[in-house]
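> Take a look and give me a structure for this.
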Amino acid sequence: MLEHLTVVKHPLVQHKLTLMREKDTSTNSFRRLLREISQLLAYEITREMEMTTKHIETPLCPMDAPVIDGKKLALISILRAGNGLLDGVLELIPAARVGFVGLYRDPETLQPVQYYYKVPSELENRLVIALDPMLATGNSSAAAVDLLKKSGARNIRFMCLLAAPEGVARMKEAHPDVPIVTAAVDDCLNDHGYIVPGLGDAGDRMFGTK
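Model (predicted):
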């Protein structure tokens, strides 16, 4: 079982994250880097998937070879910025089922407001990976996991690019059974709920909006 918090220190992850943090990185480059780093994080978060064997014929002989067991996993994008992680993970796991949770953070209360929810069937029989680049206050992430659990999900993991200590603590309090995989845990949140030093608003930087 993955630990509650795994920070991926791989040199490629850290190098790409630094490029993404730079304020002058273009929208196109930011999007490409996010796709690349998501695949490296996905490698870590899927490390302990359940396996079985399948009898196959190689060009030389038959063998019992390892394959992933159970139903295809479900990738859940927490809109809108989660789509940046989703694209990269889908390239790595093209057969995955995909769902979407639409939440936005009220700028006054910093609490999540739901506006969309559509997920695959039989979540109780799937590994479910929730995707959101930023784990800031943790309120939206905790709310998204609440919804997934109500839909039957029992084996959930959370993947993000950056986390704040406040968000990690909030998730651990609300969902201690959900491991988190991230590239970095930054210093703190500012008065507006943004991660510091962070990289700004991931959705704005990915889509070129302000």
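
> would you list every one of the helices in this structure?
For the chain, applying DSSP state H gives helices covering 11-21, 27-45, 82-92, 139-150, 165-174, 202-207.

> Of all those helices, which one is nearest residue 104?
Among the helices of the chain, helix 139-150 comes nearest to residue 104, with 8.0 Å by C-beta to C-beta. Using the backbone N, CA and C atoms, a C-beta is placed for each residue, glycine as well.

> ok now the least confident helix or strand in the chain by mean pLDDT, how far from the chain's centre?
Counting by mean pLDDT, DSSP states H and E, the chain has its least confident helix or strand at helix 202-207, which shows a mean of 86. For helix 202-207, the separation from the chain centroid amounts to 16 Å (computed by C-alpha atoms, centre = their mean, to the nearest Å).

> what's the closest non-adjacent residue to residue 149?
What sits nearest to residue 149 in space, not counting adjacent residues and going by C-beta to C-beta, 6 or more residues apart in numbering, is residue 156, at 7.3 Å.

> Measure how buried residue 167 is and give me the count.
Other residues within reach of residue 167, judged by other C-beta atoms under 10 Å, total 29.

> Next up, the contacts around it.
The contact partners of residue 167, taken as C-beta atoms under 8 Å, 6 or more residues apart in numbering, are 135, 136, 137, 138, 141, 189.

> What of residue 14?
Contacts for residue 14 (C-beta under 8 Å, 6+ apart) come out as 183, 184.

> Give me the contact list for the strand ranked longest in the chain.
As assigned by DSSP state E, the longest strand anywhere in the chain is strand 97-105. Residues outside strand 97-105 that contact it (C-beta under 8 Å, 6+ apart): 72-79, 82, 86, 90, 111-120, 126, 130, 137, 139-140, 143-144, 147-148, 193.

> Weed out the non-buried ones from the residues you listed.
73-79, 82, 86, 90, 112, 117, 119-120, 126, 130, 137, 139-140, 143-144, 147-148, 193 (16 or more other C-beta atoms under 10 Å).

> quick one on the thing from earlier: present the helices of the chain as CSV; the columns should include distance to residue 181.
Output for the helices of the chain, formatted as CSV (distance: least, C-beta to C-beta, whole Å):
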stretch, distance to residue 181
helix 11-21, 11
helix 27-45, 4
helix 82-92, 11
helix 139-150, 13
helix 165-174, 12
helix 202-207, 16
